[in-house]
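In: The amino acid sequence is not available; the structure is as follows:
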């Protein structure tokens, strides 16, 4: 029986193999990993995947780069993201430990690829808690590497943002974000909600805040004056529109009298996440009152005129509908505790779909 060509490549993927053979073999495998079928085949070859993992730390730069790129492709496939967690290239360390080590090393070339793999792996919901087991002791170092934009001269580490956002789906990470020297982690993260150089960083920062907002226990923390959260959340929704003096006085100080060149965030996914976060912050009366006191309604009124996407406009209207009501009209201290009958949920969904289709 003829030997499987991929099995034959194993001899060329050893660290001591000739550089040219390693290079050619990895280039071939990167090509194979470009399709879902190819990734399935690679995942059936555990020895081959393990060899590639070892080569991510090869002394030859191009070989390490291709090995990491191959794992980026594998981890982008859901089954691949799950399978990679099973590998332990070292008896005391997992693939996750190895990748965190690469990200934490300011001299590591191609650390961006390591960040992408971490983001892909943690995107799978079933992986998150396993990843948190490993990541929790390193969160300070990971966050410090992320917020220091000059941390690595070879890599920008932008994909640490979605990695952190994915991790914040875990209650343990949300607890860390709000209890680790209270306010420090978020004070470091919040400026990246408005980071113009990268929508990946902006999206990850806002995604982390959104995940926190889904837990109403953290709403008082998020809306504390020490954080100034609304300034960071509302700025991407604002353009250069004028407000009357009475309305302007209600806005957070930093958002008053913005320059004429001010424009809204061009990324619709980011704008949508912000609206979703504001919606969640309306769950409790305390949050609704703070949003009203900070003129959120006025900002959303102008934003609604700008937004062209029907689904996002509807989400914006839902927040406005809550904010323009008096508390006795809202009828509940905590909207998240209100039980809606299943038949009404279906009815509301049908109404939303009809609205979106007709706009």
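Out: Received the coordinates, thanks. This structure is a prediction, so every number in the text was calculated from the model and none was measured.

In: list the contacts for residue 222?
Out: Listed by C-beta atoms under 8 Å, 6 or more residues apart in numbering, the contact set of residue 222 reads 209, 212, 213, 229, 281. Yep, even glycine has a C-beta here, placed from its N, CA and C like the rest.

In: how far away is residue 202 from residue 307?
Out: Using C-beta to C-beta, to the nearest Å, residue 202 is found at 18 Å from residue 307.

In: burial measure for the closest residue to residue 309 other than its chain neighbours, as a count.
Out: Closest residue to residue 309 apart from its sequence neighbours, by C-beta to C-beta, 6 or more residues apart in numbering: residue 268 at 5.7 Å. By other C-beta atoms under 10 Å, the residues close to residue 268 number 13.

In: just residue 17 next, same as before
Out: There are 17 residues near residue 17, going by other C-beta under 10 Å.

In: Check residue 127 too.
Out: Neighbours of residue 127 (other C-beta under 10 Å): 20.

In: The one 10 residues further on now?
Out: Here the neighbour count serves as a burial measure; for residue 137 (other C-beta under 10 Å) it reads 9.

In: Next: residue 305.
Out: Counted with other C-beta under 10 Å, residue 305 comes out at 9.

In: residue ranges for the helices of the stretch 101-250 of the chain, please.
Out: 111-123, 128-135, 139-147, 160-167, 171-179, 184-189, 199-213, 219-222, 229-234, 245-250 (DSSP state H, counting those that start in this stretch).

In: which regions of the stretch 51-200 of the chain sit below the pLDDT cut-off?
Out: Applying pLDDT under 70 to the stretch 51-200 of the chain picks out residues 92.

In: do that again at 80, thanks
Out: Residue ranges of the stretch 51-200 of the chain with pLDDT under 80: 91-92.

In: Skip the chain neighbours and tell me the closest residue to residue 262.
Out: residue 240 (4.7 Å).

In: Now do the contacts for that neighbour.
Out: 258, 259, 260, 261, 262, 263.

In: Quick check: it vs residue 258, distance?
Out: Distance of residue 240 to residue 258, computed by C-beta to C-beta: 6 Å.

In: Not counting sequence-adjacent ones, nearest residue to residue 47?
Out: In space, residue 47 is closest to residue 10, 5.9 Å off (C-beta to C-beta, 6+ apart).

In: Surely the one you found touches residue 48?
Out: Yes - counting by C-beta atoms under 8 Å, residue 48 is a contact partner of residue 10 at 6.1 Å.

In: Of those two, which one has the most company?
Out: Neighbour tally, residue 10 and residue 48, criterion other C-beta under 10 Å: the higher count belongs to residue 48, 20 against 16.

In: ok, the more buried one - contacts?
Out: Residue 48 neighbours (C-beta under 8 Å, 6+ apart): 6, 7, 9, 10, 13, 29, 42.

In: Where does confidence bottom out across these?
Out: The pLDDT minimum for those sits at residue 7, where the score is 78.

In: That one - nearest residue in space that isn't next to it in sequence?
Out: Counting by C-beta to C-beta, 6+ apart, the residue nearest residue 7 is residue 45, at 7.2 Å.

In: and what of residue 138?
Out: Residue 138 sits nearest to residue 100 (C-beta to C-beta, 6+ apart), 5.3 Å away.

In: wait, what's in contact with that neighbour?
Out: 118, 134, 135, 138, 142.

In: who touches the second one in this structure?
Out: What it means is residue 134. Contacts of residue 134 by C-beta under 8 Å, 6+ apart are 94, 96, 97, 100.

In: hmm, try it at 7 Å
Out: 94, 96, 97 (C-beta atoms under 7 Å, 6 or more residues apart in numbering).

In: any idea how far the second one lies from residue 57?
Out: According to C-beta to C-beta, residue 96 stands 15 Å off from residue 57.

In: So for those two, which sits in the more crowded spot?
Out: A count of neighbours by other C-beta under 10 Å puts residue 96 above the other of residue 96 and residue 57, at 23 against 16.

In: that's a helix at that one, yeah?
Out: Yes - assessed with DSSP: H, G, I helix; E, B strand; the rest coil, residue 96 lies in a helix.

In: What sits closest to it if chain neighbours are left out?
Out: residue 134 (4.5 Å).
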